[in-house]
Structure formats: structure tokens, C-alpha cells
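**Student:** How does the following fold in three dimensions:
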Amino acid sequence: MTGASRRGMVTLTVVWAIAIAAVIVAATQVLAFRQATIGRETLARTQARWAARAGVETMIAIMEWHTANPDPDDPQAIVRDLEANATGQIETGSWDIRHFIDGQEWAGPLDEHSKLNINLANKAILQTVPNMTMDVVDSIMDWRDADNEVQSLGAEAEYYRNRGFSYAPRNGDFRSIAELELVAGAWPQYVRGEDWNLNGRLDPNENDAKRSLPDDRPDDKLDGGWSSLLTAASRANPNGVSGEPRLNLARATPEEVMARTGVDNQQAGALITFARGSNATMGQILATPLGQLGSRRGAAPTNPGGSSATTGRSTVGRTGGTTPATGGVKSLDPRQLKAVMNECTILDSRGTANATAGKVNLNTASRTLLREVMMLEPRFAESIITRRTGRSEGITSLADLVDLPGVSQSQLITLAQAADVTSSVYTISSRGRNLGSGAEAEIVVVVDRSTVPAQILEYREP
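**Tutor:** Next up, the predicted model:
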């Protein structure tokens with residue numbers, strides 16, 4: 001090979017080496033760019049997640065503060081504080097917390113007590129839920145009850161076994177509203193409606209017609225189906241609005257009742273006598289003059305569906321409780337009645353059924369729930385909404401209801417079994433957003449604030 005040929009081969013080899021090196025460098029640069037991009041995206045999502053977490057921690061801190069520092073005269077103070085801090089920002093991201101009730105968007109966490117606990121709902125109530133058929137109602141009751149006897153249109157273990165399902169009815173309380181989908185006939189489209197991920201807020205895929213699941217109406221409103229009216233998350237709060245454990249009238253001494261509620265010795269004795277009788281309920285104390293309760297020793301009041309409570313409790317809110325009722329016992333004045341309803345309970349040695357299920361908060365319940373599901377007389381339901389929206393503190397006690405237009409004795413008795421004016425369980429749907437890239441992350445947490453520290457019942461990142 002001549003010298004010129006050798007030089008040519010060397011030159012060609014060098015060119016190829018340079019070309020290969022250039023390709024390697026380019027590939028390395030592309031890979032490094034991609035890795036850097038992935039790294040930036042991962043960092044942005046992480047920062048968004050921590051922003052969402054900051055929102056959750058802020059909400060929990062506010063809840064715990066109000067649990068430790070309750071204001072008996074302003075049960076809505078916690079709601080206002082949660083709303084005021086529903087949006088916020090840290091160094092690298094921001095959070096946004098909101099929810100829907102009755103199709104309307106609200107700032108802050110979702111109050112699980114704004115819904116009816118499915119473990120407290122009877123057959124009559126369940127039949128009022130939209131799209132709830134009788135076979136589903138009976139199947140829900142079969143799922144909840146402890147026996148294996150089939151309701152008329154229901155389903156017990158044999159039904160599920162014959163259809164190849166790997167589960168049977170719980171024969172106990174529902175633990176989540178998603179569990180309802182296991183019940184015969186309870187299809188997801190009914191349980192979830194448009195709220196496909198059960199986070200209580202409107203997501204893009206829930207507002208785009210049929211472009212993605214679920215099928216929805218692109219009207220900027222969230223139809224949550226049964227999940228917007230029913231819950232399994234709400235829990236009974238063992239404390240009164242003062243933050244102290246509720247006083248069990250069936251076991252209390254007159255001195256304890258007097259100290260806690262401001263009643264006199266005779267009134268305390270009448271309350272204790274009634275509470276120790278059979279079938280005594282707090283609703284009867286709310287709806288019936290105290291002297292009559294003491295003489296009946298827990299018997300159900302007559303004419304349960306009759307005259308208005310303002311007639312039945314003529315000494316309450318009109319004479320200040322100074323007129324003696326039957327038996328010579330003074331009726332409770334408004335202040336005393338409020339204290340009794342807010343601080344006391346009635347439990348016999350056996351306790352009560354579904355004692356752990358939470359009641360509906362009349363300060364946050366939707367109009368649909370009050371009128372269509374709980375079946376309150378429309379005038380009474382509207383009076384409740386007007387009363388709670390007419391003052392910042394809302395309804396401070398069930399005693400606030402006795403003088404409302406449209407109220408009846410029977411409605412007061414029934415309402416006291418299912419409703420209250422405070423809440424202990426909230427669902428926080430916190431959406432974090434990175435300030436630089438706009439990347440988002442969401443955290444959904446269900447929190448029971450009845451104790452300090454608060455208890456996290458559920459945590460998920462959709």
C-alpha cells in the first residue's frame with residue numbers, strides 16, 4: 001500500500017471515529033436532556049405534592065385548635081376558619097381545597113356530617129334517595145343486619161355465592177360509601193354519579209360530556225349521586241359543644257346535671273327520672289314540657305304528629321321557663337334547654353344501636369337532604385336554612401328549632417335522633433400546584449377531629 005493510500009485510510013478512520021464520537025455525544029446529550037426533563041417533572045410533581053400536603057396539614061391544625069378551644073356559642077367558627085385557609089402557598093407551590101354540595105362549589109373541606117350516615121338510615125329514609133329502588137333498599141338492610149334472613153326483595157350470602165362473587169354481606173355497618181357498590185343493584189353510576197373518584201370536587205374528566213369516564217353533563221356542576229347524600233364516614237362525637245364529654249342523664253347525679261346545665265334541683269331530678277325510664281330520648285326533652293316528661297318516666301309523648309312544638313312547649317322561648325308545667329316542675333328556659341341538648345345524652349346500660357355513626361349537621365346539610373331525604377316539612381326545612389344563614393354562628397343548638405315556623409313535635413323528636421349542630425369528620429381534597437411548571441398533585445384525607453391529635457381515617461393520592 002502506498003503512502004498516499006495509508007494516509008487516506010487514516011483520514012477515513014479519523015473521520016469515522018469523529019462521526020461515531022459525535023453520535024455518542026449527541027445521544028448522551030439527548031439522554032441527559034431527557035433525564036433532566038424527567039428530573040424537573042419529578043421535582044415539580046414532588047413540590048406540588050408537598051404543597052397539597054401543606055394544605056392538608058393546615059386544615060388538620062385548624063381542626064385540632066377548634067377541638068381544643070371550642071366556642072359553644074359559635075359552632076360555625078371552625079367552618080369560617082377552614083374556608084379562610086382553603087387556599088395558600090409555600091415557597092415552591094400552592095394548595096387549593098374545595099368541595100361541592102347541592103351542585104354548588106364551596107371552599108374548604110367537605111363536612112361528612114352534611115350527609116346522612118347510611119348506617120343510621122332506615123328503610124323509609126333510603127326509599128327517598130333518588131334512583132334508590134326497593135330491591136336495593138332491602139339489599140342494603142340485608143348487608144347491614146346481623147342475620148342471614150333475606151328481606152322481601154333483598155340479597156343475603158346465597159345470592160352473591162350463586163352469582164360467583166367472592167364476598168358475602170358484611171352483616172355489619174358499612175365502612176365506606178364505596179362499599180355500597182358491592183350491594184346487589186347498587187351500580188357505580190348511582191353510587192358515584194359524576195364524582196368518579198369520590199373526592200367531592202369537580203375534576204376535568206367529570207365535566208367533559210362523554211369524552212372520558214364518567215358520562216356527565218358539562219355544566220360546571222358536580223352530581224355526586226348517592227355519595228352526595230349518604231356517607232359511612234361520619235362519627236358520633238362523644239363530646240358536647242363545650243368540648244367536655246357528654247353527660248349521661250341516665251347515670252348522672254342531680255349535682256352533676258345542675259352544674260353542667262344550669263337547671264335547678266327539681267328540674268335535674270325530673271330529667272334524671274325521665275332518662276332512667278324506658279324508651280327515653282333526647283328528642284322528647286326537646287319537644288315536650290319538662291313536667292310531663294318527669295311524670296311519664298320516659299314514655300313516648302302523646303299526639304306525636306300533632307300540634308306545633310311552639311304550642312307543645314308554650315313555656316319555652318315565651319315565658320322564659322318561669323311557668324310551672326305539669327307536676328310543679330318548671331319548664332326549661334331557652335338557655336337551659338340549649339345546655340341540656342348540647343351537653344347531655346341518654347344511654348342505658350346497653351348503649352344504643354349504631355352509637356358510632358355520626359349525625360347530620362343542620363348547619364351544613366343541603367336543601368336536598370333536608371327536604372327530599374330526611375322528609376322535613378318544606379316550610380320547616382326552609383326555616384332551618386334561613387335561621388342558619390341569617391347569623392354567622394349558624395344554629396347553635398337543636399333548641400334553636402323549637403320556635404321555627406313549620407316545626408311540629410313529631411319532627412323535633414325525629415330530628416333529634418338524626419341531627420345535631422356540630423361535625424367531627426371532614427374530607428380534605430387538597431390539590432397542590434407547582435409554581436413554576438404548573439404540575440399538579442392531589443391528596444384526599446378523611447379526618448376525625450373529635451380528639452387531639454386528630455385521627456386520619458383514610459389517606460389516598462388519586
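**Student:** C-alpha from now on. contacts and neighbour counts both.
**Tutor:** Will do.
**Student:** following the helix or strand of the chain with the lowest mean pLDDT, which helix or strand shows up next?
**Tutor:** Averaged element by element with mean pLDDT, DSSP states H and E, the chain has its least confident helix or strand at helix 309-312 (a mean of 36). On the C-terminal side of helix 309-312, the nearest following helix or strand under DSSP states H and E is helix 334-343.
**Student:** I'd like to know which elements that following helix is packed against.
**Tutor:** helix 254-261, helix 282-287 (3 or more CA pairs under 8 Å, 6 or more residues apart in numbering; DSSP states H and E).
**Student:** What mean pLDDT does it get?
**Tutor:** On average, the pLDDT along helix 334-343 is 96.
**Student:** got any ranges where the protein has weak pLDDT?
**Tutor:** Low-confidence regions of the chain, defined by pLDDT under 70, span residues 1-8, 10, 14, 21, 25-39, 294-327, 348-355.
**Student:** Centre-most residue in it?
**Tutor:** E112 (0.3 Å; CA atoms, centre = their mean).
**Student:** That one against T427, yeah?
**Tutor:** Yes. Distance between E112 and T427: 6.7 Å, which falls inside the contact criterion (CA atoms under 8 Å).
**Student:** about what we covered before: tell me who's in contact with the residue nearest to the centre of the chain.
**Tutor:** 231, 233-234, 423, 425-427 (CA atoms under 8 Å, 6 or more residues apart in numbering).
**Student:** From one end of stretch 145-164 to the other, what's the distance?
**Tutor:** Terminal residues of stretch 145-164 are spaced 22 Å apart (CA to CA, to the nearest Å).
**Student:** buried stuff in that stretch?
**Tutor:** Of the residues in stretch 145-164, those buried under the neighbour-count criterion (16 or more other CA atoms under 10 Å) are 145, 150, 154-157, 160.
**Student:** same question, stretch 279-295
**Tutor:** Along stretch 279-295, these residues count as buried under the neighbour rule (16+ other CA under 10 Å): 280-294.
**Student:** Just name the closest of those to S227, please.
**Tutor:** Top of the list for closeness to S227, among the buried residues of stretch 279-295 and by CA to CA, is G283 at 27.6 Å.
**Student:** And the closest one, how far from I413?
**Tutor:** In this structure, G283 and I413 are separated by 4 Å, where distance is defined by CA to CA.
**Student:** cool, K330 as well?
**Tutor:** Applying CA to CA to K330 and I413 gives a distance of 21 Å.
**Student:** And for R388?
**Tutor:** Using CA to CA, we find R388 at a distance of 20 Å from I413.
**Student:** Inside strands: which ones of the contacts of E112?
**Tutor:** Counting by DSSP state E, the contacts of E112 place 231, 425-427 in strands.
**Student:** which among these gets closest to E461?
**Tutor:** Closest approach to E461 among these (CA to CA): T427, at 13.0 Å.
**Student:** If you tally nearby residues, what's the number for the closest one?
**Tutor:** A count of neighbours around T427, defined by other CA atoms under 10 Å, yields 27.
**Student:** hang on, isn't it packed against P109?
**Tutor:** Yes. T427 sits in contact with P109 when judged by CA under 8 Å, with a separation of 5.5 Å.
**Student:** quick revisit: now the helices and strands packed on helix 334-343 in a markdown table, with distance to L337?
**Tutor:** Below are the helices and strands packed on helix 334-343 laid out as a markdown table (distance: least, CA to CA, whole Å):
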| stretch | distance to L337 |
| --- | --- |
| helix 254-261 | 8 |
| helix 282-287 | 7 |
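**Student:** nearest to P462, of the contacts of E112?
**Tutor:** T427 (13.8 Å).
**Student:** which residues does the closest one contact?
**Tutor:** For T427, the residues meeting the contact criterion (CA under 8 Å, 6+ apart) are 109-112, 199, 444-447.
**Student:** Could you measure from the residue nearest to P218 when sequence neighbours are not counted over to G225?
**Tutor:** What sits nearest to P218 in space, not counting adjacent residues and going by CA to CA, 6 or more residues apart in numbering, is N207, at 4.4 Å. N207 sits 15 Å away from G225, going by CA to CA.
**Student:** same check, this time on L332
**Tutor:** Separation of L332 from G225 (CA to CA) stands at 42 Å.
**Student:** out of these two, which sits in the busier spot?
**Tutor:** Neighbours were tallied for L332 and for G225 using other CA under 10 Å; the higher tally belongs to L332 (30 against 20).
**Student:** From A287, how far off is that one?
**Tutor:** From L332 over to A287 (counting by CA to CA), the distance is 11 Å.
**Student:** try L435
**Tutor:** Taking CA to CA as the criterion, L435 is separated from A287 by 55 Å.
**Student:** With S423 instead?
**Tutor:** In terms of CA to CA, S423 sits 23 Å off from A287.
**Student:** Name the SS class of R80, please.
**Tutor:** For R80, the secondary structure call by DSSP: H, G, I helix; E, B strand; the rest coil comes out as helix.
**Student:** Looking at R388 and I413, which is more packed in?
**Tutor:** Neighbours were counted for R388 and for I413 using other CA under 10 Å; I413 has more, 23 against 19.
**Student:** Surely that one and A287 touch.
**Tutor:** Yes. Proximity of I413 to A287 meets the contact threshold set by CA under 8 Å, at 6.3 Å.
**Student:** Let me see the contact set for V446.
**Tutor:** Taking CA under 8 Å, 6+ apart as the criterion, V446 is in contact with 233, 425-428, 456-459.
**Student:** where along the stretch 301-450 of the chain do the strands fall?
**Tutor:** 344-345, 360-361, 419-420, 425-434, 440-448 (DSSP state E, counting those that start in this stretch).
**Student:** elements contacting the second one?
**Tutor:** Using 3+ CA pairs under 8 Å, 6+ apart as the contact criterion, the elements in contact with strand 360-361 are strand 419-420.
**Student:** Mind doing that once more with 10 Å?
**Tutor:** strand 116-117, helix 409-418, strand 419-420 (3 or more CA pairs under 10 Å, 6 or more residues apart in numbering; DSSP states H and E).
**Student:** ranking these by burial, who's on top?
**Tutor:** strand 116-117 (a mean of 28; mean count of other CA atoms under 10 Å).
**Student:** Sheet partners, orientation included, of that one?
**Tutor:** When pairs are called by DSSP bridges, strand 116-117 turns out to pair with strand 230-231 (parallel).
**Student:** Could you identify the helix or strand that succeeds the partner strand?
**Tutor:** Scanning the chain past strand 230-231 towards its C-terminal end, the next helix or strand to appear is strand 247-248 (assignment: DSSP H and E).
**Student:** What strands line up against that following strand, and which way round?
**Tutor:** Partner strands for strand 247-248, per DSSP bridges, with pairing direction: strand 344-345 (parallel).
**Student:** Please work out which residues outside the strand it pairs with touch it.
**Tutor:** 238-240, 245-250, 252, 257, 260-261, 275, 281-282 (CA atoms under 10 Å, 6 or more residues apart in numbering).
**Student:** Secondary structure class of W65, three-state.
**Tutor:** State at W65, reduced to three classes by three-state DSSP: helix.
**Student:** still on that earlier bit, from the contacts of V446, which would you call buried?
**Tutor:** Buried subset of the contacts of V446 (neighbour count, 16+ other CA under 10 Å): 233, 425-428.
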